[in-house]
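**Student:** my questions are about this predicted structure, shown below with the sequence.
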Amino acid sequence: MSNPQQLRYSKEHEWLSTAEDGVSTVGITEFAANALGDVVYAQLPEVGATVEAGETCGELESTKSVSDLYSPVSGEVTEINEDVVNDPSLVNSAPFEGGWLFKVRLTEEPADLLSADEYAAHTAG
Amino acid sequence: MSSTESTEPRHTALDALHRSLGATMTDFAGWDMPLRYGSERDEHVAVRTRAGLFDLSHMGEITVTGAGAAALLNFALVGNIASVGVGRARYTMICQADGGILDDLIVYRLAETEYLVVANASNAQVVLDALTERAAGFDAEVRDDRDAYALIAVQGPESPGILKSLTDADLDGLKYYAGLPGTVAGVPALIARTGYTGEDGFELFVKPEHAVGLWQALTEAGAGVGLVPCGLSCRDTLRLEAGMPLYGHELTTELTPFDAGLGRVVKFEKEGDFVGREALAEAAARAEQNPPRVLVGLVAEGRRVPRAGYAVVAGGAVIGEVTSGAPSPTLGKPIAMAYVDAAHAAPGSEGVGVDIRGNHEPYAVVALPFYKRQK
């Protein structure tokens, strides 16, 4: 399992892309997707909603459990991945690509996001 | 459901093999068991359409022998175990004196004076203790055989063909709920046509030292027809679709078999007394006159998945509780089993929903099972 070097990671297993025009993409990591098992339902934040770093902003439901989705950053949601809403298995099959969850216009970015190597160390424990 | 006896989980004879296959493991009733190897949905579909291979070595085997074995089991369990023919099996229950369900069991009659009782892993000690206590005064021996067996199940429409390639045993003559001793892939096995998936299939009781060889032989024999290793996650969705109860969910000590809609397993007509007879007779009368909650199936109209413990609601009032729920791979919708008030239990009852973390999601009430295989 390899975590893309260009992304940054939260300890709650979300990833964040480098901002383009102030907007970053958020998803969950392959590690998290594997831990959840088959994702069957994704409740994502509404477009236009304000999300807070470290706060819940949705739910991911798998065969065995329901897990809160945390936003790794604060900002305004500009887009959600309708493909994932329609086919939540994308979170399992392509967590770092087609299985992205939402885009957010950053107002504030926490300093404690991890690099790919730091996240790999975090999940190795 | 972790063991209270020890914090160190137990490992089956197939443990290293599961790890080499990349299984995600989970603690289940004190055992470290495969939850899934890859996608649990794919494993589920494999069992419905092809075949799946399960390690069920956590199940609790108890052997009862002696001239009084049949009489003991007729006294200790609610079924008529003395009437089970040699080579046949019976689904039954063990109850408390107050009628509460201690466990549901499969009992195999291996010989005139020898039975194999298979208990749920989480209840094996309770069942062993109860049988031992109830054996006082009977000419019978109750033996803890939990470490004597590994249990491997091959389930799904391709399972007869797979097994036939590895045994000379007469599988065509082996009916559902029958078991016979034989040789599979060169090792002695009790071959039982039982399962917990709603599909045709077999459960193979073998010595633990033979488990790895048997698993590998089955894997090779099934490779051409799409057999895959399967974990407990898909076992749960398979049994749920088939409307089969799970102890701790649909069955508890708080419920009698009549409360669970399984009063048919209680055989009042058998000779002699049995533990729980009086209380169960009262429970049967109560269920007749003033039906308690009824176990029903629920099918979601939306995509939110009901979980055990969620309230079932109608007209703003709580009318029941979900006991098991999961996304159904076969139906493509979330499903659940739930106990609901009799007034709302009829299939098609209007206005029934499940409280999913504060939202009342609409659900259709249906008769169980959700899935029945075409024979």
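**Tutor:** That came in fine, so what should we check first? Numbering: from 1, shown residues only, chains lettered A, B, ... in the order given.

**Student:** for chain B, what are the nearby residues on chain A?
**Tutor:** Within chain A, the positions adjacent to chain B are A:N34, A:A35, A:G37, A:D38, A:V40, A:Y41, A:E61, A:T63, A:K64, A:V66, A:S89, A:N92 by Cβ under 8 Å from any Cβ of the partner chain. From N, CA and C alone the C-beta is placed, and that goes for glycine too.

**Student:** turn the residues you listed into JSON lines, columns for pLDDT.
**Tutor:** Formatted as JSON lines, the residues of chain A next to chain B follow (pLDDT from 0 to 100):
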{"residue": "A:N34", "pLDDT": "91"}
{"residue": "A:A35", "pLDDT": "90"}
{"residue": "A:G37", "pLDDT": "92"}
{"residue": "A:D38", "pLDDT": "93"}
{"residue": "A:V40", "pLDDT": "92"}
{"residue": "A:Y41", "pLDDT": "92"}
{"residue": "A:E61", "pLDDT": "93"}
{"residue": "A:T63", "pLDDT": "87"}
{"residue": "A:K64", "pLDDT": "82"}
{"residue": "A:V66", "pLDDT": "89"}
{"residue": "A:S89", "pLDDT": "94"}
{"residue": "A:N92", "pLDDT": "95"}
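
**Student:** buried only: go through those for me.
**Tutor:** Taking 16 or more other Cβ atoms under 10 Å in any protein chain shown as the criterion, what is buried in the residues of chain A next to chain B is A:G37, A:D38, A:V40, A:Y41, A:E61, A:T63, A:K64, A:V66, A:N92.

**Student:** from these, which land in helices?
**Tutor:** A:N92 (DSSP state H).

**Student:** on that earlier part again, between the residues of chain A next to chain B, which is closest to B:G358?
**Tutor:** In terms of Cβ to Cβ, no member of the residues of chain A next to chain B lies closer to B:G358 than A:V66, at 12.7 Å.

**Student:** could you look up the SS state of the residue lying closest to the closest one once chain neighbours are set aside?
**Tutor:** Closest residue to A:V66 apart from its sequence neighbours, by Cβ to Cβ, 6 or more residues apart in numbering or on different chains: A:E59 at 5.6 Å. Under the three-state scheme (DSSP: H, G, I helix; E, B strand; the rest coil), A:E59 adopts strand.

**Student:** tell me the predicted confidence for A:E59.
**Tutor:** With respect to pLDDT, A:E59 scores 93.

**Student:** who's in contact with it?
**Tutor:** A:Y41, A:A42, A:Q43, A:V66, A:S67, A:D68, A:L69 (Cβ atoms under 8 Å, 6 or more residues apart in numbering or on different chains).

**Student:** A:E61 too?
**Tutor:** A:E61 touches A:V39, A:V40, A:Y41, A:A42, A:Q43, A:S67, A:P88, B:R304, B:V305, B:P327, counting by Cβ under 8 Å, 6+ apart.

**Student:** state the number of residues packed around the fourth one.
**Tutor:** Burial of A:A42, expressed as a neighbour count using other Cβ atoms under 10 Å in any protein chain shown, amounts to 24.

**Student:** one step back: report the two of the residues of chain A next to chain B separated the most.
**Tutor:** Maximum distance among the residues of chain A next to chain B (Cβ to Cβ): 17.7 Å, for A:N34 and A:Y41.

**Student:** which element follows the strand or helix carrying B:V322 toward the C-terminus?
**Tutor:** Using DSSP states H and E, B:V322 falls within strand B:317-328. Counting by DSSP H and E, the next helix or strand C-terminal to strand B:317-328 is strand B:333-340.

**Student:** strand partners of the very next helix or strand once past that next one, parallel vs antiparallel please.
**Tutor:** Using DSSP H and E, the helix or strand that follows strand B:333-340 in sequence is strand B:352-356. Applying DSSP bridges, strand B:352-356 is found paired with strand B:311-314 (antiparallel), strand B:359-366 (antiparallel).

**Student:** which positions within strand B:352-356 qualify as buried?
**Tutor:** B:V352, B:G353, B:V354, B:D355, B:I356.

**Student:** for B:A111, which residues are in contact?
**Tutor:** Contacts of B:A111 by Cβ under 8 Å, 6+ apart are B:V86.

**Student:** what pLDDT does the model give it?
**Tutor:** Here, the pLDDT recorded for B:A111 equals 97.

**Student:** same check on B:T132?
**Tutor:** With respect to pLDDT, B:T132 scores 98.

**Student:** where's it, which helix or strand?
**Tutor:** Secondary structure from DSSP H and E places B:T132 in helix B:124-134.

**Student:** and the strand holding B:V322, what's buried?
**Tutor:** B:I319, B:G320, B:E321, B:V322, B:T323, B:S324, B:G325, B:A326, B:P327, B:S328.

**Student:** B:V354 is in contact with the fourth one, correct?
**Tutor:** So the one you mean is B:V322. Yes. Look at B:V322 against B:V354 with Cβ atoms under 8 Å: they come within range, at 6.2 Å.

**Student:** touching both of these two, which residues are there?
**Tutor:** B:L298, B:P306, B:Y310, B:A311, B:V312, B:A336, B:A338.

**Student:** in chain A, what residue lies closest to chain B?
**Tutor:** A:V40 (4.2 Å; Cβ to the nearest Cβ).

**Student:** so who does that residue touch?
**Tutor:** Here A:V40 is in contact with A:E61, A:S62, A:T63, A:P88, A:S89, B:R303, B:V305, B:P327, B:P334 (criterion: Cβ under 8 Å, 6+ apart).

**Student:** turn these into a markdown table, including distance to B:F28.
**Tutor:** As requested, the contacts of A:V40 are exported to a markdown table (distance: Cβ to Cβ, whole Å):
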| residue | distance to B:F28 |
| --- | --- |
| A:E61 | 21 |
| A:S62 | 17 |
| A:T63 | 15 |
| A:P88 | 26 |
| A:S89 | 25 |
| B:R303 | 27 |
| B:V305 | 20 |
| B:P327 | 20 |
| B:P334 | 23 |
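
**Student:** follow-up on the earlier one: check which helices and strands the helix holding B:T132 is in contact with.
**Tutor:** Here helix B:124-134 is seen to pack against strand B:60-65, helix B:69-76, strand B:89-95, strand B:101-111, strand B:114-119, strand B:141-144 when contacts are counted using 3 or more Cβ pairs under 8 Å, 6 or more residues apart in numbering or on different chains; DSSP states H and E.
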